[in-house]
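Asker: Starting from these lines, generate the structure:
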Amino acid sequence: MPEPLPEPLPGRWTARAAVAAVTDQDTFDELLYRDAEFTEGRSDGPLAWQGYGDSRARAEERTGERESVVCGTAAVGGTRAVIVSFEFGFLGGSLGERTGDRIEAAHRHARDRGLPVVSLIATGGSRMQEGMRALVQLQRVARQSELTGAAGLARIAVLRDPATGGGWATLGAGADLTLALPGSQIGFAGSRVRPADADPTAYTAEAQLAAGAIDEIVRPAELRAALALRLRLLSAPDTPTGTSAAAPPAPAEPPAALGRTDLPATGWEAVSRARAPERPRAAAYLDAYFTERAPLSGDRCGGTDPGMLCGFGMHEGRSVAYAAQCGTATTPAGYRTAARLVRLAGRLGIPVLTLVDTPGAANGAEAERAGAGAAIADLFAAVAGSPVPVTSLVIGEGGSGGALALAAPDNLWATPDSYFSVIAPEHAAAILKRGQEEIRSTAEQLRLRPQDLVELGVARGLVTR
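Answerer: Here you go, the predicted model:
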């Protein structure tokens with residue numbers, strides 16, 4: 001019987017309890033701060049908001065903290081990282097000028113030492129008692145996060161309860177990978193400023209996962225292990241011996257074939273094999289190739305596609321990013337998620353493996369309204385511009401441009417039970433006004449067998465066991 005979900009409390013951990021929950025014991029080394037005084041030394045802040053100084057004093061006494069974030073370095077499963085942890089008990093974890101000071105210092109520290117950043121977020125938004133001086137901290141925080149990302153360092157967010165306002169819209173939604181605790185309240189609008197008739201379930205971790213805004217929901221007891229895995233995968237890109245850290249990594253090796261190893265005699269046989277329900281699918285290939293892996297989910301535009309598996313995995317001691325089609329028609333959300341994966345891998349210096357298997361792009365009215373053409377174009381651009389090598393393996397159907405968008409132009413391989421074609425034989429026959437009896441001969445004309453791909457110079461070779 002599965003363990004019952006915990007109450008949606010975990011975000012109410014104190015900042016230091018959250019740090020202790022995810023880091024290795026006795027490894028947290030807090031950064032020292034020189035907290036600047038407010039402009040003109042006013043205890044009530046830059047707006048001279050009456051009573052603000054007293055509120056801060058009470059928050060300090062209640063929490064033992066001087067600000068709404070605690071920052072430092074610590075090991076998570078043996079990987080050193082910079083930790084930014086929000087203290088919700090300090091004025092609702094709100095962001096003010098001093099908060100910005102601390103977060104900027106944390107990111108500078110991370111870049112100086114080449115460390116990834118983990119943000120443990122529990123915030124109600126910007127601090128109204130500091131007015132626009134607080135709000136502009138979002139620009140400052142966003143810039144620091146982007147500089148850290150541009151330096152090739154991973155940014156991982158953990159959403160506690162609540163994660164709303166600017167903290168969610170910068171460090172949370174702007175992270176490379178975003179995890180959330182079950183039942184956490186997540187959304188740009190806080191609970192007191194939403195429309196009266198707003199559906200409260202839309203502002204939950206579960207809703208954000210379904211909408212493609214976060215990557216995974218993780219139980220509190222599993223959080224440390226989940227973070228450790230992701231830090232291990234995202235913080236140790238492969239650097240070949242004798243090369244500089246700036247050199248691109250070696251390409252990922254294509255996986256071995258899991259299905260048949262004999263080649264199809266005809267084009268229609270190739271199509272039939274690729275469409276056979278018993279043929280090994282993407283999940284089987286990923287399980288065989290990786291010893292451990294962590295998913296990347298969602299296009300960050302409101303959509304997910306269960307037929308596109310993306311993430312990072314460990315193969316023979318090094319990290320490899322993957323994007324794998326599962327044999328279904330790929331939706332715009334699937335293409336955008338894959339493009340997100342390829343670009344992130346490129347920035348982190350991690351090679352990419354793609355598994356091609358789709359009858360083609362989803363082409364219904366819903367897909368068109370969701371921007372199918374733009375999403376496919378975005379993935380073509382991401383693969384074409386990738387600074388790291390992309391390795392592709394056709395493991396089933398290669399249906400036209402919907403499959404080609406995921407294929408490396410110079411490092412494509414094929415299994416014996418696959419095919420790749422400019423168009424499906426049935427559609428080609430229909431366009432040419434041929435009868436059903438001519439579909440098989442049309443498949444032969446298209447030269448879509450895996451061995452044909454090699455002879456035509458489209459694939460580098462065939463993989464076997």
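
Asker: okay, CA-based contacts and neighbour counts for the rest of this
Answerer: Noted.

Asker: State the distance from the residue lying closest to T201 once chain neighbours are set aside to R230.
Answerer: Nearest non-adjacent residue to T201, counting by CA to CA, 6 or more residues apart in numbering: A207, 6.7 Å away. A207 is 23 Å from R230, where distance means CA to CA, to the nearest Å.

Asker: what do you get for Y52?
Answerer: Applying CA to CA, the value for Y52 to R230 is 40 Å.

Asker: just T27 next, same as before
Answerer: Note on T27: its distance to R230, by CA to CA, is 18 Å.

Asker: ok so, going back, among Y52 and R230, which residue is more densely surrounded?
Answerer: Each of Y52 and R230 has its neighbours counted (other CA atoms under 10 Å); R230 has more, 21 against 16.

Asker: element containing that one?
Answerer: Assigned by DSSP states H and E, R230 falls within helix 223-234.

Asker: ok, now A283?
Answerer: Assigned by DSSP H and E, A283 falls in helix 282-289.

Asker: Mind checking what helix or strand follows that helix in sequence?
Answerer: On the C-terminal side of helix 282-289, the nearest following helix or strand under DSSP H and E is strand 292-296.

Asker: which residue sits closest to the spatially most central residue of the chain, ignoring its sequence neighbours?
Answerer: Geometric centre of the chain, nearest residue: L296, 3.9 Å, by CA atoms, centre = their mean. With sequence-adjacent residues excluded and distances taken as CA to CA, 6+ apart, L296 is closest to G311, at 4.4 Å.

Asker: V463 too?
Answerer: Per CA to CA, 6+ apart, closest to V463 is T415, 5.4 Å.

Asker: still on that earlier bit, now for the helix holding R230, which elements pack on it?
Answerer: helix 15-22, strand 69-76, strand 79-86, strand 292-296, strand 308-315, strand 318-325 (3 or more CA pairs under 8 Å, 6 or more residues apart in numbering; DSSP states H and E).

Asker: Include mean pLDDT when you put those into a markdown table, please.
Answerer: Below are the helices and strands packed on helix 223-234 laid out as a markdown table (pLDDT from 0 to 100):
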| stretch | mean pLDDT |
| --- | --- |
| helix 15-22 | 95 |
| strand 69-76 | 97 |
| strand 79-86 | 97 |
| strand 292-296 | 97 |
| strand 308-315 | 98 |
| strand 318-325 | 98 |
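
Asker: Any chance of a markdown table for the ones you listed, columns distance to A225?
Answerer: Shown next, in a markdown table, are the helices and strands packed on helix 223-234 (distance: least, CA to CA, whole Å):
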| stretch | distance to A225 |
| --- | --- |
| helix 15-22 | 8 |
| strand 69-76 | 8 |
| strand 79-86 | 11 |
| strand 292-296 | 11 |
| strand 308-315 | 15 |
| strand 318-325 | 17 |
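
Asker: Quick one: closest of the ones you listed to I186.
Answerer: Closest to I186 of those, according to CA to CA: strand 79-86, at 14.7 Å.

Asker: could you check the angle strand 69-76 makes with the closest one?
Answerer: Angle between the axes of strand 79-86 and strand 69-76 is 160 degrees (criterion: axes from the mean of the first three to the mean of the last three CA atoms, to 10 degrees).

Asker: Report all helices and strands that strand 79-86 contacts.
Answerer: Going by 3+ CA pairs under 8 Å, 6+ apart, strand 79-86 lies up against helix 15-22, strand 69-76, helix 97-113, strand 117-123, helix 223-234.

Asker: ok, which stretches of the stretch 101-250 of the chain are helices?
Answerer: 131-135, 137-150, 165-167, 205-210, 223-234 (DSSP state H, counting those that start in this stretch).

Asker: so which of those helices gets nearest A173?
Answerer: With respect to A173, and counting by CA to CA, the nearest of the helices of the stretch 101-250 of the chain is helix 165-167 at 8.6 Å.

Asker: Figure out how far the closest one is from the centre of its chain.
Answerer: Computed by CA atoms, centre = their mean, to the nearest Å, the chain-centroid distance of helix 165-167 equals 20 Å.
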